[in-house]
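> Dropping the sequence and predicted coords here.
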Amino acid sequence: AGSCSPALLGSEAMVWFGPLCLMALRLTQSSTSATPHPDGDDPIPALERIFGSREAYWSDGFPSGWFGSNMLARENSTQVAEIGKYKIANLGWQHEIWPSNFSHLARTQVAQLQAIKKAHPKLPVFLYLPAAFAPCVYSALDPIVKDPSVHKQSGGKYHDWFLQSTGQQERPSPGPLFTRGFCTDVKANVSEQNCYAAYWNYANPEARQYLLHALIEPLSLERGFDGVFFDTVDYTLEQFPQFNITNIAGDPGQQCETFWSGMLEWQSQLVQMLAEKGVGGRALLPMLSVVHDKVNFFQADENAYLNEGRMVEKMGIGNWIRYYEFVRGENAYQVLENMRVEAEMGIPVVMHVYMNSTDEDLTTHIALFLIVRGDYFFFMASTGWFDDDWRWSQAYDKEYGRPLAPPRSFVPSTEGGGGIGW
C-alpha cells in the first residue's frame with residue numbers, strides 16, 4: 001500500500017513504512033479464514049447479532065469507526081450521511097451539551113442515536129456513559145453528587161459512594177475527588193454550568209448498584225442503539241498515591257486492589273444486565289475504555305491484580321469490547337502485543353489513533369492494526385472528539401483481505417530507524 005516496498009523472505013514478508021520495519025509472519029489474502037479460538041468454543045452470538053457473522057465482518061470492507069459529536073446542535077442530514085460511511089459509530093458526551101443546558105444529557109443523545117439508526121439501520125451505534133466519575137449532567141446522578149453528605153468530612157448517606165481525598169489542588173482538602181472536565185472541554189464557565197463530577201468509589205457496593213440500576217438500566221431499555229461506551233474505566237487507578245484517598249483502607253497498592261476488585265464485580269454485573277435488558281432480543285454490548293499500560297496480559301507481579309485475565313474471568317468473551325485510545329504507530333509496541341492476545345482469545349477491540357492533523361498519512365497506523373486484527377476489530381483515527389476532527393480517508397476504501405495466521409512473535413527492531421519487528 002502506498003510507499004510499501006515488500007521483500008519476500010520465505011514465509012516472511014518484510015515491509016518498510018517510513019521508520020517502521022514490520023516483519024509480518026501474518027500475510028493478507030482475501031480467501032483465507034479468520035483466526036480460530038484456542039478454546040474451541042464459539043463466543044460470538046451477541047456480536048453476530050450486532051455486527052453480523054464473522055464472514056460478513058471480514059467481507060464488508062475496512063472496519064473504520066467514528067466517535068464524534070456536535071456540542072451545539074443536532075447532526076444535520078449531511079453529517080448523518082457521513083457517519084453512515086463507517087462500520088461503527090460512537091456518540092461523544094459533548095454532543096448537544098449546550099442545547100441540553102448541561103442537564104438530562106443522556107435523553108438528548110439517545111434521540112440523536114435513534115435518528116442515526118433510522119438513517120442507517122445496519123450501522124452499530126453506541127451511547128456514551130462515564131464509568132470513572134458521576135457528572136451532574138445526568139439527571140439520575142445530579143441529586144446524589146450534590147447531596148451535602150458527599151462533601152462532609154465523614155459519614156452521611158453518600159459520603160463513601162465517592163472517593164474522598166486530601167490531595168487535590170483544585171479544592172481545599174479534604175473532600176471528594178472531582179473533575180470539571182464537562183465544562184472545560186467544551187469551553188464553558190465552570191461557575192455557571194452544571195458540570196461538576198465526583199469520582200465513584202467502586203469499593204462501595206451500594207455505589208456500584210446505584211450506577212447500574214439508576215442510570216444504566218433505564219437507558220438500556222431505550223431503543224435506537226446497540227451498545228454503551230463506558231469512559232475511563234481504569235482512570236482513577238493511577239490517582240491513589242497522588243491524591244491520598246482516605247475512604248479505602250490500606251496503602252495505595254492495597255487501595256488499588258480493593259478498588260479494582262469492586263470494578264471487576266461491577267463489570268460482571270454490567271455485562272449480565274445488558275445481556276438481559278436488550279430490547280427485542282438483542283443484547284447490548286458494553287465497550288470499555290481501558291488504557292493498555294494499566295490493564296493488560298503482561299503485568300509484573302506487583303501489578304498482578306491488573307491482569308486482563310481477571311476481566312475475562314468476570315465477563316467472559318464475546319459480550320464486551322475493549323477500546324484503546326491514544327494509540328500511535330510509532331509507539332505501539334505494548335498495545336499491539338496485548339491486542340495480539342485479545343485477537344487470539346476472541347476479544348473484540350476498537351483501536352483509536354490520535355492524529356497530528358486531519359490530513360495525516362494513516363499508512364503506518366493501519367499497517368499495525370492489520371498485523372494484529374482479529375474478529376470484530378475496528379479502527380478509528382481523529383484529531384479529537386468533534387465532527388470536524390474526523391475525515392474519511394481513502395485508506396478506508398482499500399481491500400486489505402484477511403490474515404493467513406496470527407503473528408507468532410515480535411521483537412523491537414533496530415533497523416530502519418527503529419520500530420517493531422513481527
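Received the coordinates, thanks.
> give me the low-pLDDT residue ranges for the stretch 201-350 of the chain?
For the stretch 201-350 of the chain, applying pLDDT under 70 flags the ranges 236-239, 277-282, 331-333.
> What ranges does it have for its strands?
Here the stretch 201-350 of the chain has its strands, by DSSP state E, counting those that start in this stretch, at 227-231, 285-289, 321-327, 349-354.
> Deepest in the core, which of those is it.
For the strands of the stretch 201-350 of the chain, average neighbour numbers computed from mean count of other C-beta atoms under 10 Å are highest in strand 285-289, which has a mean of 25. Glycine gets a C-beta too; all of them are placed from N, C-alpha and C.
> chain center to that strand, what's the gap?
6 Å (C-alpha atoms, centre = their mean, to the nearest Å).
> Return the list of helices and strands in contact with it.
Contacts defined by 3 or more C-beta pairs under 8 Å, 6 or more residues apart in numbering; DSSP states H and E place strand 285-289 against helix 45-51, strand 227-231, helix 252-277, strand 321-327.
> Give me the contact list for the last one.
Contacts of strand 321-327 from elsewhere in the structure, counted by C-beta atoms under 8 Å, 6 or more residues apart in numbering, are 227, 229, 285-292, 335, 339, 342, 347-354, 365, 376.
> again, only using 7 Å
229, 285, 287-290, 292, 335, 342, 347-354 (C-beta atoms under 7 Å, 6 or more residues apart in numbering).
> Export the strands of the stretch 201-350 of the chain to TSV and append columns for distance to M315.
As requested, the strands of the stretch 201-350 of the chain are exported to TSV (distance: least, C-beta to C-beta, whole Å):
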stretch	distance to M315
strand 227-231	12
strand 285-289	8
strand 321-327	10
strand 349-354	14
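> H352 contacts M380, doesn't it?
Yes. Counting by C-beta atoms under 7 Å, M380 is a contact partner of H352 at 4.2 Å.
> Identify the contacts common to those two.
F67.
> burial measure for the nearest residue to F133 once chain neighbours are set aside, as a count.
Leaving out its chain neighbours, the residue that sits closest to F133 by C-beta to C-beta, 6 or more residues apart in numbering is A197, at 4.1 Å. Other residues lying near A197 total 24 when counted by other C-beta atoms under 10 Å.
> Torsion angles phi and psi at A197?
phi -140, psi 120 (degrees, to the nearest 10).
> Roughly how far does it sit from P135?
4 Å (C-beta to C-beta, to the nearest Å).
> what residues are shared contacts of these two?
F182.
> where does the stretch 1-150 of the chain have low pLDDT?
Short version for the stretch 1-150 of the chain, where the test is pLDDT under 70: 1-45.
> how about the strands of it, start to end?
According to DSSP E, counting those that start in this stretch, the strands that the stretch 1-150 of the chain contains are 7-9, 12-17, 20-24, 28-29, 64-68, 88-91, 125-130, 133-135.
> Which strands border the last one, and is each parallel or antiparallel?
Strand 133-135 has these partner strands in its sheet, going by DSSP bridges: strand 197-199 (antiparallel).
> Could you tell me what pLDDT the model assigned to S191?
On pLDDT, S191 comes in at 75.
> before we move on, what SS does it have?
coil (DSSP: H, G, I helix; E, B strand; the rest coil).
> Quick one: neighbours of it, just the number.
S191 has 7 nearby residues by other C-beta under 10 Å.
> got it, and R328?
Counted with other C-beta under 10 Å, R328 comes out at 16.
> hmm, back to that, need the per-residue pLDDT for the residue nearest to F133.
92.
> Could I get the contacting residues of it?
With C-beta under 7 Å, 6+ apart, A197 has these contacts: 133-136, 178-179, 182.
> returning to what we had before: tell me which of the helices and strands packed on strand 285-289 lies nearest to S103.
strand 227-231 (18.8 Å; C-beta to C-beta).
> Pull the residues that contact the closest one.
50, 90, 124, 126-132, 284-289, 323.
> P176 versus the residue nearest to F133, what's the distance?
10 Å.
> quick revisit: using a markdown table, lay out the helices and strands packed on strand 285-289 together with distance to L404.
Output for the helices and strands packed on strand 285-289, formatted as a markdown table (distance: least, C-beta to C-beta, whole Å):
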| stretch | distance to L404 |
| --- | --- |
| helix 45-51 | 22 |
| strand 227-231 | 30 |
| helix 252-277 | 32 |
| strand 321-327 | 24 |
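> among those, which is nearest G61?
helix 45-51 (13.0 Å).
> which helices and strands does the closest one pack with?
Contacts defined by 3 or more C-beta pairs under 7 Å, 6 or more residues apart in numbering; DSSP states H and E place helix 45-51 against no helix or strand at all.
> Mind listing what's buried along that helix?
46-47, 49-51 (16 or more other C-beta atoms under 10 Å).
> Return that helix as PDB; C-alpha atoms alone will do.
This file holds the C-alpha atoms of helix 45-51, laid out as PDB (Å, rounded to 0.1, in the frame of the first residue of the first chain):
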ATOM      1  CA  PRO A  45     -23.500 -14.900  19.300                       C
ATOM      2  CA  ALA A  46     -24.100 -11.400  20.900                       C
ATOM      3  CA  LEU A  47     -21.500 -10.000  18.400                       C
ATOM      4  CA  GLU A  48     -23.200 -11.600  15.400                       C
ATOM      5  CA  ARG A  49     -26.500 -10.000  16.300                       C
ATOM      6  CA  ILE A  50     -24.900  -6.600  16.200                       C
ATOM      7  CA  PHE A  51     -22.100  -6.800  13.700                       C
END
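> which residues are contacting that helix?
57, 124, 226-227, 275, 282-283, 285, 318-319, 348, 376.
> buried subset of the residues you listed?
57, 124, 226-227, 275, 283, 285, 318-319, 348, 376.
> Could you identify the most distant pair in those residues?
Going by C-beta to C-beta, the pair spanning these furthest: Y57 and A275, at 20.3 Å.
> number of nearby residues for Q394?
Count around Q394 with other C-beta under 10 Å applied: 8.
> correction: Y158
Y158, neighbours per other C-beta under 10 Å, totals 24.
> What are the buried residues along stretch 90-102?
Result for stretch 90-102 [16+ other C-beta under 10 Å]: buried residues 90-98, 100, 102.
> Please apply the same query to stretch 186-196.
Buried-residue list, stretch 186-196, by 16+ other C-beta under 10 Å: 186, 188, 193-196.
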